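A.B. asks: I would like to see how this sequence folds:
(one chain, ligands or ions: 1)
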Amino acid sequence: MHQEKIEAIKAAIAAADAQNADELEAYRMKFISKKSVVGELFAAMGQIPNEEKRAYGQLVNSVKQLAEAKFQELIEKVNTANKKAKSADLDLTLPPSNHAIGGIHPLTATRQRIIEIFERIGFNLSEGPEIEDDWHNFTALNFPENHPAREMQDTFFIEKNPDIALRTHTSSVQVRVMENQKPPIRTLSPGRVYRNEAISARAHCIFHQVEGLYVDENVGFADLKNTLYHFAKEMFGKGTKVRFRPSFFPFTEPSAEIDISCLLCGGAGCNVCKGTGWVEIGGSGMVDPHVLENCGIDSKKYTGFAFGMGIERIAMLKYQIKDLRLFTENDVRFLKQFRSIL
Ligand SMILES: [Zn+2]
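C.D. replies: Numbers count the residues shown, from 1 in each chain. From the prediction side, this is the model:
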């Protein structure tokens with residue numbers, strides 16, 4: 001009786017086939033698993049008379065081996081079929097997928113160019129935190145509490161701790177550098193700054209500035225002017241004229257706004273320069289002795305100048321960009337135009 005049953009299982013194993021993973025699993029359940037027909041043969045061992053057990057065991061083992069060998073064969077068959085199907089999907093005549101090559105963001109390119117110009121005349125780079133405290137952003141720079149100049153630089157504070165704010169200018173880095181280094185200091189600090197401003201074509205709550213600081217013995221206004229003349233010519237071209245307009249900043253005395261001759265009309269007057277022939281690129285001045293003292297530098301021995309410029313402003317003038325918002329909108333149609341500037 002066992003003999004017949006076993007012969008039938010052997011025949012079923014020999015005839016079994018599988019085309020895919022599901023059918024492989026069905027085969028495993030039917031012939032390999034504990035509950036399979038082969039498993040049942042092993043379970044029936046208990047009912048076999050002792051003198052037949054040995055012969056029965058050998059027979060059932062041979063069925064088990066047969067079932068496993070067939071299983072391996074079917075696995076290989078299904079794997080080979082899968083590989084063939086995959087290589088049939090590969091069409092070597094298709095055109096390659098289009099990998100778009102990116103470019104440098106115009107603000108990054110402008111920042112790099114500014115750094116390059118000042119590095120060549122001996123300025124190093126310094127960075128400071130974007131989350132500042134009141135001392136470094138305002139008080140050390142002669143913006144005492146309740147000073148009207150603070151109103152012009154409204155930023156984002158933490159209600160619980162008003163001593164912490166997002167920096168309104170990179171001038172805070174000046175303070176950090178002067179607190180930690182001894183003159184001579186010649187440093188450039190580019191970075192992101194924040195103001196509480198409504199976003200428009202001309203203003204944003206987040207933008208970039210670059211700050212320059214030179215402190216040493218006998219640094220005078222002539223050094224400031226010559227440094228910025230040099231910068232303007234390197235950045236905007238040899239024919240660029242520079243003009244200084246008296247102004248007020250709490251941390252410099254005297255202070256001056258820096259204008260360059262309009263790049264578009266060359267000084268004749270146009271929409272960009274509002275008919276004046278000049279456009280503003282930043283502010284500058286001699287570091288107020290009080291600021292030097294705040295940072296532990298002897299103002300009797302040392303003098304210095306500082307300047308600050310908006311990187312967006314420089315990029316807008318250089319590349320004739322009319323809307324500040326374009327820099328942060330990530331519109332590839334805008335960004336693509338600057339691929340060739342490096
Ligand atoms: Zn103009």
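A.B. asks: Name the residues of the stretch 201-342 of the chain found near the ion, please.
C.D. replies: Proximity of the stretch 201-342 of the chain to the ion, by CB under 5 Å from the ion, involves residues C262, L264, C265, C270, V272, C273. Backbone N, C-alpha and C define where each C-beta goes, glycine included.
A.B. asks: ok, the first one - contacts?
C.D. replies: The contact partners of C262, taken as CB atoms under 8 Å, 6 or more residues apart in numbering, are A268, G269, C270, V272, C273, T276, G277, W278, V279.
A.B. asks: From T276, how far off is the third one?
C.D. replies: According to CB to CB, to the nearest Å, C270 and T276 sit 9 Å apart.
A.B. asks: Could you do the first one as well?
C.D. replies: In this view, A268 and T276 are 10 Å apart by CB to CB.
A.B. asks: Neighbour count: those two, which is higher?
C.D. replies: Per other CB atoms under 10 Å, whichever of A268 and T276 has more neighbours is T276, with 14 against 11.
A.B. asks: okay but that one is in contact with G267, surely?
C.D. replies: No - applying CB atoms under 8 Å, one finds T276 not in contact with G267, separated by 9.0 Å.
A.B. asks: Next, the contact list for R243, please.
C.D. replies: R243 neighbours (CB under 8 Å, 6+ apart): I258, D259, I260, S261, W278.
A.B. asks: right, I mislabeled it, should have said I13
C.D. replies: F31, V63, L66, A67, K70.
A.B. asks: quick one: which two of the residues you listed are the most distant?
C.D. replies: With CB to CB as the measure, no two of the contacts of I13 lie farther apart than V63 and K70, at 10.6 Å.
A.B. asks: Which parts of the stretch 151-300 of the chain are strands?
C.D. replies: For the stretch 151-300 of the chain, the strands defined by DSSP state E, counting those that start in this stretch cover 164-166, 185-194, 206-216, 242-249, 252-261, 278-287.
A.B. asks: quick one: E68 and R28 touch, right?
C.D. replies: No - the criterion here is CB under 8 Å, and E68 misses it with R28 at 10.0 Å.
A.B. asks: Now distance to I117, neighbour count and pLDDT too, for the contacts of I13, in a markdown table please.
C.D. replies: Formatted as a markdown table, the contacts of I13 follow (distance: CB to CB, whole Å; neighbours: other CB atoms under 10 Å; pLDDT from 0 to 100):
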| residue | distance to I117 | neighbour count | pLDDT |
| --- | --- | --- | --- |
| F31 | 79 | 22 | 91 |
| V63 | 86 | 20 | 90 |
| L66 | 83 | 16 | 91 |
| A67 | 80 | 23 | 91 |
| K70 | 78 | 19 | 92 |
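A.B. asks: Buried subset of the contacts of C262 as a ChimeraX selection?
C.D. replies: Buried residues among these (16 or more other CB atoms under 10 Å), as a ChimeraX selection:
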select :272,273,277,278,279
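A.B. asks: Looking at the contacts of C262, which gets the smallest pLDDT?
C.D. replies: Within the contacts of C262, the minimum per-residue pLDDT falls on V272 (77).
A.B. asks: Could you list the single helix or strand in the protein with the lowest mean pLDDT?
C.D. replies: The least trusted helix or strand in the chain, going by mean pLDDT, DSSP states H and E, turns out to be helix 148-151, with a mean of 66.
A.B. asks: Adding distance to F327, write the strands of the stretch 151-300 of the chain out as a markdown table.
C.D. replies: Shown next, in a markdown table, are these (distance: least, CB to CB, whole Å):
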| stretch | distance to F327 |
| --- | --- |
| strand 164-166 | 18 |
| strand 185-194 | 12 |
| strand 206-216 | 8 |
| strand 242-249 | 25 |
| strand 252-261 | 20 |
| strand 278-287 | 17 |
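A.B. asks: Which one of these lies nearest to E329?
C.D. replies: strand 206-216 (12.7 Å).
A.B. asks: Check the offset of that closest one from the chain's centre.
C.D. replies: 22 Å (CA atoms, centre = their mean, to the nearest Å).
A.B. asks: Out of the contacts of I13, flag the one nearest to the ion.
C.D. replies: K70 (87.3 Å; CB to the ion).
A.B. asks: before we move on, what SS does the closest one have?
C.D. replies: helix (DSSP: H, G, I helix; E, B strand; the rest coil).
A.B. asks: for it, what are its contacts?
C.D. replies: I13, A14, A16, Y27, F31.
A.B. asks: Give me the distance between the residue in the chain sticking out farthest from the centre and S36.
C.D. replies: Distance from the C-alpha centroid of the chain peaks at E51, with 79.8 Å (CA atoms, centre = their mean). Per CB to CB, E51 is found 27 Å from S36.
A.B. asks: For the stretch 1-150 of the chain, which segments count as helices?
C.D. replies: 2-15, 21-31, 37-43, 50-89, 106-119, 134-137, 148-151 (DSSP state H, counting those that start in this stretch).
A.B. asks: For burial, what's the neighbour tally of L166?
C.D. replies: Using other CB under 10 Å: L166 sits among 20 other residues.
A.B. asks: give the contact list for F244.
C.D. replies: By CB under 8 Å, 6+ apart, the neighbours of F244 are K225, A256, E257, I258, D259, S284.
A.B. asks: which residues does the fifth one bridge with?
C.D. replies: What that stands for is D259. R243, E280 (DSSP bridges).
A.B. asks: Kind regards, and thank you for your time.
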